[in-house]
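Chemist: got a predicted structure plus its sequence, pasted below:
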Amino acid sequence: MAGAIELTRVWALAVQQPHAAAAVGIHRTRMRLAVALSVSWKFQRCSSTILNRSFEPSAAEAAADSFGGGRSLGLAYLAYSFFTANEQKSIGDWDPTNVAKLRTLQSEMLELEIDLVRHVSTFPLLAENSVCLAEIEIQRLFDGGGMSAVHCMKLRAIVPFFLRCALLLLPTAEDALAPAVLGAPRALYENLLATTTNNQPGCALGAGGLVCAAFLCMKNSQSATRDMPSTKETFGAMYQYVTIAALKLLNTARLAVAADPAFFRRGCYGDARWYGFGYVDDATLARAHASAVKDTRGPPTRVYRL
């Protein structure tokens, strides 16, 4: 999903806020969103080809292959799922008697996919997005001996929650919380990709902020253990920088879940039965936010941008 969001930001939407897609009622835009998801999935899939498939085609997908005339209708099937009920009705049922229209849809989707891979530098978007860089930061913490494998796996589970919340655009007075790092009121998501620090050139500060926000949630959860290191011990010279970024993320997460819990709590992040729910519930977010406020007293003053 992180790769698909990046492809959406750069190519699929005319505007530059990925979250705006939900409000865009344009048929062509939804087709481009489907293409972004398809290309991202193919990239991730090709890097895992040695693994066994953990799923089987659905009945509809099997039926699509059966009347596709030897040609896959997978892109058409994905686009069809992105359409509104009225748009699906205008195309017709997913049925062998309607194969001509479905093949036309498949051709249109294939043209869009070709346009994407021809005109967009996809590899950095898919392999160097904020989640990928956060994975590198987590690996660095593990290699340095500061975090156990169990803790690192928990961080990996929490990071996507903050990526989702970062899509929320709230240009309010809250942006003044960390002006030195996160700048003017823009989409927080874009700033996660753009910010770096002078003492570690090339380091994506946003990725460190994602990991730090997850770390603060884990450290301030009800199940936290006393052996967890401090923020400074964990992030070293970067701790003030990443804590400021984490503060912004934590603040935005609290605003996001209050504004639209149905979206931002969708899936495991709203399921109290999930083992990690205690790391992102409202009470933990509040404690983590308070901890970040305390840690960011006396913030650094110099920040360079890419």
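Modeler: Nice, thanks for sending it over.
Chemist: now the strands: where do they sit in this structure?
Modeler: Taking DSSP state E, the strands of the chain run over residues 195-196, 304-305.
Chemist: and these, which one's lowest on average pLDDT?
Modeler: Lowest mean pLDDT within these: strand 304-305, at a mean of 32.
Chemist: which pLDDT value belongs to A21?
Modeler: 46.
Chemist: what of the one 5 residues further on?
Modeler: We note a pLDDT of 71 for I26 in this prediction.
Chemist: for it, give its distance to E190.
Modeler: Distance, I26 to E190, using CB to CB, to the nearest Å: 22 Å. C-betas here are computed from N, CA, C, even on glycine.
Chemist: pick out whichever of those two has more residues nearby.
Modeler: Counted by other CB atoms under 10 Å, I26 and E190 do not tie: E190 has more neighbours, with 18 against 11.
Chemist: the more buried one contacts V10, correct?
Modeler: No - under the criterion of CB atoms under 8 Å, E190 is not in contact with V10, lying 10.7 Å apart.
Chemist: report the buried residues of stretch 224-231.
Modeler: In terms of neighbour count (16 or more other CB atoms under 10 Å), stretch 224-231 has its buried residues at 228, 231.
Chemist: for that stretch, give me every contacting residue.
Modeler: Identification of contacts with stretch 224-231 by CB atoms under 8 Å, 6 or more residues apart in numbering yields 146-147, 151, 212, 215-216, 218-219, 239, 243, 291, 295.
Chemist: quick one: end-to-end distance for it.
Modeler: Distance across stretch 224-231, first residue to last, is 14 Å (CA to CA, to the nearest Å).
Chemist: low-confidence ranges, the stretch 1-150 of the chain, go.
Modeler: Within the stretch 1-150 of the chain, the segments meeting pLDDT under 70 span 14-25, 47-71.
Chemist: if you set the cut-off to 80 instead, what comes out?
Modeler: For the stretch 1-150 of the chain, applying pLDDT under 80 flags the ranges 13-28, 45-72, 146.
Chemist: is C268 in contact with Y279, as I believe?
Modeler: No - between C268 and Y279 there is no contact under CB under 8 Å: 10.9 Å.
Chemist: who has more neighbours out of these two?
Modeler: Y279 (27 against 15).
Chemist: looks like the more buried one contacts K154 (just checking).
Modeler: Yes - counting by CB under 8 Å, K154 is a contact partner of Y279 at 6.9 Å.
Chemist: give me the common contacts of those two.
Modeler: By CB under 8 Å, 6+ apart, the residues touching both Y279 and K154 are 214, 218.
Chemist: how many residues are close by the nearest residue to V293 once chain neighbours are set aside?
Modeler: Leaving aside its sequence neighbours, V293 sits nearest to L247 (CB to CB, 6 or more residues apart in numbering; 6.5 Å). Here the number of neighbours of L247 (other CB under 10 Å) works out to 27.
Chemist: how much space separates L247 from I91?
Modeler: According to CB to CB, L247 and I91 sit 47 Å apart.
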